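K.L.:
Got a sequence here, can you build the structure:
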Amino acid sequence: MKGSIFLAKKRVLALQEAALKCRRADLRGLQGSCVDSLKSINARLDLLLDALPHIWTANPSSIVDDYRDLVEQISLIERAGVFALVHSSENDPFLSRLVQQICDDIGYLVQVPVVSETSPSHFEIDQWFNVLYVPPLEGQFLLHLPDLYHELGHPLLLEENLALLSLRSVKTEYTLAIFDRVAALNDAIVENERMQGSEAERRRFIAYSDFWTNHWMREFFCDLFATFCLGPAYGWSHCHLCLKLESDPFETPRLQQSKHPSDAARMTVILYGLRSLGFESESKAIEAMWADQLRLWGLSANMSHKQCYPDNALKSIAEHAISAFDRAGFKGARADQVSGVALCLNQAWEQFWQNPKGFGEWEIRAIEHLQKELASPTT
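P.N.:
Got it, this is the predicted structure:
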């Protein structure tokens, strides 16, 4: 056991050295968090070594449990934090500055995350380290940068942030939305029992309640935060993303774990959100494009999907979430009132639809302009 603890200490020190080699100014906060956490773990490993002669004979399992817990923490810091520090490009951190500007534009109410271009596939935020991971080349493309806004929604829904007075309206609507869905599904369970329905259906309703509480409502609120701050560009982005995926947008889980609601339900929520913001013509255009894609695939909602995602519930969630973000003081997009980074991303989609062939050249110029603006000391 002593040898294993010494090996863990060696790894901790190696990770500290690797983290301290990063010279990017925008990653200093992440660097400090990693180093401080590793120092704390190293101290706890020392305590474990000191306790080893006294505890091992009487209660070896407690030593092993503590050791495994510390090793798991080391692994997490290595995967989520030090990896980003080691592999982040030394090039101009464009996306970090872009996210900072987005947060300035919308009046972001919690700590701004740093950006690491080390994700192998998709946008994702690590809420422990407050790092937003994106694919390495994402700074060269505009059409899916709207996903940055979705990821910025996740920290708002952390329990410690929902406790902030400035986010009281978000906490209220988020809590009530979960309560309403759970209550409706409980009613469905009672009705199923009254009608002597199948056990499989009862279990499915129980699973839906769990998914809504632990995962789906959070994703819907993040979609609506992006919609509120950005406007139509987020709807176009989601529609285009679904075109690239092979999965059924109406896929409804049975009993297996499901962290994301169906793409069709997300599209519906986004459209209701856009209408709440006054983007009537834009929402109709996105809805028409979405309907064309569904016809192309030959897909439509089945009864299970309608039970899982009732339209009236999705409409209510969208309207109440949009209202909550507005009351919290975030700067939202409105028809003819889009500005900042949101204006650029909406213009990108307009250009894409107007001139698909020439869009690549327009995109290069737009990114160069953004880089110049964000590099200016006046921004």
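K.L.:
Helices along the stretch 51-200 of the chain, start to end?
P.N.:
Assignment of helices within the stretch 51-200 of the chain using DSSP state H, counting those that start in this stretch yields the ranges 60-76, 83-87, 94-106, 147-156, 159-162, 168-194, 199-211.
K.L.:
Helices along the stretch 251-379 of the chain, start to end?
P.N.:
Taking DSSP H, counting those that start in this stretch as the criterion, the stretch 251-379 of the chain carries its helices at 263-276, 280-297, 303-308, 311-328, 340-354, 359-375.
K.L.:
got these as a markdown table, with mean pLDDT columns?
P.N.:
Formatted as a markdown table, those follow (pLDDT from 0 to 100):
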| stretch | mean pLDDT |
| --- | --- |
| helix 263-276 | 97 |
| helix 280-297 | 94 |
| helix 303-308 | 91 |
| helix 311-328 | 98 |
| helix 340-354 | 96 |
| helix 359-375 | 93 |
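K.L.:
Indicate which one of the ones you listed is closest to residue 217.
P.N.:
Checking those against residue 217 by CB to CB gives helix 311-328 as the closest, at 7.5 Å. C-betas here are computed from N, CA, C, even on glycine.
K.L.:
Other residues contacting that closest one?
P.N.:
Counting by CB atoms under 8 Å, 6 or more residues apart in numbering, helix 311-328 makes contact with 109, 166-170, 172-174, 176-177, 180-181, 184, 217, 220-221, 224-225, 227-229, 265, 268-270, 272-273, 276-277, 332, all of which sit outside it.
K.L.:
Give me whichever of the helices of the stretch 51-200 of the chain is most buried.
P.N.:
Among those, judged by mean count of other CB atoms under 10 Å, the one packed with the most neighbours on average is helix 147-156 (a mean of 23).
K.L.:
Direction-wise, compare it with helix 263-276 and give the angle.
P.N.:
With axes from the mean of the first three to the mean of the last three CA atoms, to 10 degrees defining the directions, helix 147-156 sits at 90 degrees from helix 263-276.
K.L.:
Run the angle between helix 147-156 and helix 94-106 for me.
P.N.:
Helix 147-156 and helix 94-106 meet at an angle of 70 degrees, taking the same axes, to 10 degrees as the criterion.
K.L.:
Give me the buried positions along stretch 337-350.
P.N.:
By neighbour count, and taking 16 or more other CB atoms under 10 Å as the criterion, the buried residues in stretch 337-350 are 338, 341-346, 348-349.
K.L.:
same check, this time on stretch 295-310
P.N.:
Under the neighbour-count criterion of 16+ other CB under 10 Å, stretch 295-310 has 301, 304-305, 308-309 buried.
K.L.:
Go through these and name the one nearest residue 59.
P.N.:
Within the buried residues of stretch 295-310, distances to residue 59 taken as CB to CB reach their minimum at residue 308, with 47.8 Å.
K.L.:
The closest one touches residue 209, doesn't it?
P.N.:
No: in terms of CB atoms under 8 Å, residue 308 does not count as a neighbour of residue 209; the distance is 10.5 Å.
K.L.:
Quick check: phi and psi on the nearest residue to residue 133 once chain neighbours are set aside?
P.N.:
Counting by CB to CB, 6 or more residues apart in numbering, residue 133 lies nearest to residue 119, which is 3.9 Å off, once chain neighbours are set aside. When read as degrees, to the nearest 10, the backbone of residue 119 gives phi -70, psi 140.
K.L.:
What's the local residue count around residue 119?
P.N.:
Close neighbours of residue 119, defined as other CB atoms under 10 Å, add up to 15.
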